[in-house]
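Peer 1: My questions are about this predicted structure, shown below with the sequence.
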Amino acid sequence: MASLVAGGRSGAVLSFATDTVPALAVRPSDRHKIYSLKQRPAQKPLILMASDLEQLFAYIDTSHPDYPIWRATAQQYLPGALTLVLPVNQQGKDLNPNFDKLGIRIPHHHGAIAVLQQTGALLTTSANLSGTEPLRDMRAIAEAFPEVLVWDCGAEMGSQPPSTVAEWQGRWVILRQGAIQLG
């Protein structure tokens, strides 16, 4: 894992298991690398993954009157297979230019948490070419993306569908239903 973390800190694109599907991850300043690798359209934002809520909420508009609702939801469901899409502050706006919201997530996977504790928050997406099904096997990811540093932590791969994505629009609106049911 040490070489993976060192590579991530120096700007390499990483891949590691999560509780759902394996991630492609990179420092926020190197987000263009994921767009290029995945052939991902610029109008599709990346999500910010971290090991704790404070790292994530550093990018969110915590002065918003609904912030207590967001925080309570995050504390109830994270870590877990949930991505919350929330209004950003200026620092968050810099992560996904042209977007005023940001998806945030803490995976419930010890390997992913171990990486994120050492790299800090990373911009992430599923490991696949844009428009294709997420790859679930680390060997397949290494073959599809030879320039990516792939870490097979030896732990069980996530077997769930991709995370539930819930966007705040004055209430939670489910953009993609996954394993978690907001209630």
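Peer 2: Now that the structure is in, tell me what you want to look at. Residues are numbered from 1 along each chain as shown.

Peer 1: Please identify the helix or strand for the residue of the chain positioned farthest from its centre.
Peer 2: Residue farthest from the centre of the chain, counting by C-alpha atoms, centre = their mean, is residue 65 at 25.0 Å. For residue 65, there is no enclosing helix or strand under DSSP states H and E.

Peer 1: By mean pLDDT, flag the weakest helix or strand of the protein.
Peer 2: Every helix and strand in the chain was compared by mean pLDDT, DSSP states H and E; the lowest is helix 90-93, with a mean of 90.

Peer 1: For it, list the C-alpha coordinates in PDB.
Peer 2: Extracted in PDB, the C-alpha atoms of helix 90-93 (Å, rounded to 0.1, in the frame of the first residue of the first chain):
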ATOM      1  CA  GLN A  90     -15.800  28.200  -2.900                       C
ATOM      2  CA  GLN A  91     -13.300  25.400  -2.200                       C
ATOM      3  CA  GLY A  92     -15.800  22.800  -3.300                       C
ATOM      4  CA  LYS A  93     -16.600  24.800  -6.500                       C
END
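
Peer 1: Run through the neighbouring helices and strands of the next helix-or-strand element following that helix.
Peer 2: Later in the chain than helix 90-93, the nearest helix or strand by DSSP H and E is strand 101-105. Applying 3 or more C-beta pairs under 8 Å, 6 or more residues apart in numbering; DSSP states H and E, we find strand 101-105 packed against strand 47-49, helix 53-57, strand 82-87, strand 164-168. C-beta here means a position set from N, CA and C on the backbone, and glycine is covered the same way.

Peer 1: Ranking these by mean neighbour count, which comes first?
Peer 2: Across those, the average number of neighbours (mean count of other C-beta atoms under 10 Å) peaks for strand 47-49, which reaches a mean of 26.

Peer 1: which residues touch it?
Peer 2: 18, 23, 25, 28, 56, 59, 83, 92, 95, 102-107, 112, 116, 121-125 (C-beta atoms under 8 Å, 6 or more residues apart in numbering).

Peer 1: So how do I select the buried members of these in ChimeraX?
Peer 2: A single ChimeraX command selects the buried members of the contacts of strand 47-49 (16 or more other C-beta atoms under 10 Å):
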select :18,23,25,28,56,59,83,92,95,102,103,104,105,106,107,112,116,121,122,123,124,125
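
Peer 1: sorry, back to before: distance from the chain centre to the least confident helix or strand of the chain, please.
Peer 2: Taking the mean of its C-alpha atoms, helix 90-93 sits 16 Å from the chain's own mean (C-alpha atoms, centre = their mean, to the nearest Å).

Peer 1: what do you get for stretch 12-27?
Peer 2: With C-alpha atoms, centre = their mean, you get 8 Å for stretch 12-27.

Peer 1: Going forward, the N-terminal residue is numbered 36.
Peer 2: All right, first residue 36 from here; so that's stretch 47-62.

Peer 1: That concludes my questions; thank you for your assistance.
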